[in-house]
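Student: Curious how this folds, go ahead:
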Amino acid sequence: MKLHCEVELVNRHLPTFGLRGRGKGSRAVLSLCRPSDRALSRSQAGPVQLVIYTLKDKTGSRYKANSSNLKNFLAAVRLAHQGCAVETLPLLTVAPLKTSEVEKPKTKMVITSKKDYPLTKNFPYSLEHLQASYCRLARIDMRMLCLKKLKKLDLSHNHIKKLPATIGDLANLQELNLNDNHLETFNEMLCSSTLRKSLQSLDLSQNKIKALPLQFCQLQELIYLKLDDNELIRFPFKIGQLSNLRFLSAARNKLPFLPSDFKKLSLEYLDLFGNAFEQPNLLAPNIQLTVPLTLLEISARAILDYRIPYAPHIVPFHLCRDLDTSKSCDCGKSCLNSFIQATVTMNLHCVAHTVVLVDNMGGTEAPILCYFCSLTCYSQFLDRSTKSNNR
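Tutor: Numbering: from 1, shown residues only. Here you go, the predicted model:
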């Protein structure tokens, strides 16, 4: 499709610098083309391009064409070609454009005081990075949740107490900073939202969080996790499922020990300084063994050990929750409600390349929970530990 016409090329940024175009058109050929990449098949071709050929530029200048705007433009051209009355055509009157119409869409906005926070004006829908710190926000502004292109949201240093589940509708959100707020919980609905596939960095430091929900480990794209200066008494039970996690900081909390799943992590940086870790004692276990095993325990172990799929539409919901919190024995098998629990010492260098000292004494060790599915497994573990300590 080609159109021979007079064309004037105008730089959209000129009005922002107080400059004008030369106001003179030149003879050109206007054409709609596909991208010239031969590696792409017709079915894989990218967006339509608007190409302008001039005497000085015979190879043509290419511009991406917005499909919706292009459709409306061509519809108007077609009606004009058919001889429709001018009054019926969707034409604009000749007038200077507003600065906002020619400016590049705003992708970043930084607000660091309450007086600068917009109350009567919406946030630009083109935003990809929004920071609203020190604004005394008591809740997340619902206008922010309409910013579908948002990749980074920084709401640090506010007074936010709860997180709405609708944050999960921000499908492109990669970084969420909620440092220094009044959060007491983390909404479990967010863990099953689109954030599972997008969120890579989460900062919840300097809040009042005591525990993260079991579903937290569904955020499997997490790389950075900051939990410093909270009131944490435990990590998520299945924290080892965060296979992409590389930086974990949970200093100055109230952690008495680490979950057994912690051993599955592979971190580059770990900071657990200033936690109230208990002294491990392998010889004082918590014995929860049931002899003989109940039918529920036998069935649960079989489902877990043979990796049989389960879901609420297969077994009752409460059984699914029990299976989700199953324990892994040192022998590799699973157990549900019948087990022996003990704490042992683990050197944190086993799971992290760089470890911040756990205490002022220079230690890098912390207590970790261990589970044993039988008395035999527990006895064998004691024997191995005794031999290791005697070497």
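
Student: Would you agree Gln220 is in contact with Asn244?
Tutor: Yes - contact criterion CB atoms under 8 Å: Gln220 and Asn244 qualify, at 6.3 Å. C-betas here are computed from N, CA, C, even on glycine.

Student: any idea where the strands of the stretch 1-150 of the chain begin and end?
Tutor: Secondary structure of the stretch 1-150 of the chain (DSSP state E, counting those that start in this stretch): strands located at 2-7, 26-33, 49-54, 61-64, 108-111, 129-132.

Student: Kindly compare burial across the ones you listed and name the winner.
Tutor: Among the strands of the stretch 1-150 of the chain, ranked by average contacts under mean count of other CB atoms under 10 Å, first place goes to strand 129-132 (a mean of 20).

Student: any weak-confidence spans in the stretch 1-150 of the chain?
Tutor: 1, 11-23, 34-47, 65-69, 80-81, 85-103 (pLDDT under 70).

Student: quick one: the helices in it?
Tutor: Using DSSP state H, counting those that start in this stretch, the helices of the stretch 1-150 of the chain run over residues 67-81, 99-102.

Student: Against Phe262, how distant is the residue at minimal distance from the centre of the chain?
Tutor: By CA atoms, centre = their mean, the chain has its centre lying nearest to Leu199, at 0.6 Å. Between Leu199 and Phe262 the computed distance is 21 Å (CB to CB, to the nearest Å).

Student: Tell me the secondary structure at the closest residue to Asp330 other than its chain neighbours.
Tutor: In space, and not counting its chain neighbours, Asp330 is closest to Phe381: 5.3 Å by CB to CB, 6 or more residues apart in numbering. Using DSSP: H, G, I helix; E, B strand; the rest coil, the structure places Phe381 in helix.

Student: Just the mean pLDDT for stretch 233-240, thanks.
Tutor: For stretch 233-240, mean pLDDT rounds to 93.

Student: So for that stretch, what gets flagged as buried?
Tutor: Judged by neighbour count using 16 or more other CB atoms under 10 Å, the buried positions of stretch 233-240 are Arg234, Phe235, Pro236, Phe237, Lys238, Ile239, Gly240.

Student: and the first one, how far is that from Asn275?
Tutor: Translated: Arg234. Taken as CB to CB, the span from Arg234 to Asn275 is 11 Å.
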